[in-house]
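Visitor: what would the 3D arrangement of this be:
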Amino acid sequence: MSRKIIRSIIPIAPPQYDATYVNQLARSLDNFIDEVRNPLLNIPDMPNVSVASILEEGDLFEDNGFVKIKRASASLAATNVGTTAVGTVTVVIS
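Guide: Down below sits the predicted model:
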């Protein structure tokens, strides 16, 4: 499926303005608009929630398919599940 992309129209600056600066500004705005319309973000080796407790504030981590940001006030604990057995159980039916 194709999408029609409408380019931003940035007016030509009056002669009093520095043309180089205005051209750089126009390119920056076009780049920003392109990124907002088509975000392409790939973060390889993103840690998961199991190591989030050792990350620094502002670091990104993955939690069940969602990207989250480590906050200073958030306390994260990894979940560990284990089983054990002690002794035996005898069931007698009379």
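Visitor: CA only for contacts and neighbour counts going forward, please
Guide: Will do.
Visitor: who does the lowest-mean-pLDDT helix or strand in the chain touch, helix- and strand-wise?
Guide: Least confident helix or strand, the chain: helix 19-37 with a mean of 82, by mean pLDDT, DSSP states H and E. With contacts defined as 3 or more C-alpha pairs under 8 Å, 6 or more residues apart in numbering; DSSP states H and E, helix 19-37 has no helix or strand neighbours.
Visitor: tell me the helix or strand right after that helix.
Guide: Following helix 19-37 in sequence order, the next helix or strand is strand 60-63 (DSSP states H and E).
Visitor: in this protein, which residue is closest to the centre?
Guide: Ranked by distance to the mean C-alpha position of the chain (C-alpha atoms, centre = their mean), the top residue is residue 67 at 4.5 Å.
Visitor: could you list the low-pLDDT ranges of the chain?
Guide: 1-10, 39-41, 74-81 (pLDDT under 70).
Visitor: quick check: domain ranges of it?
Guide: In terms of domains, the chain is parsed into 7-40, 42-77 (source: automatic domain parsing).
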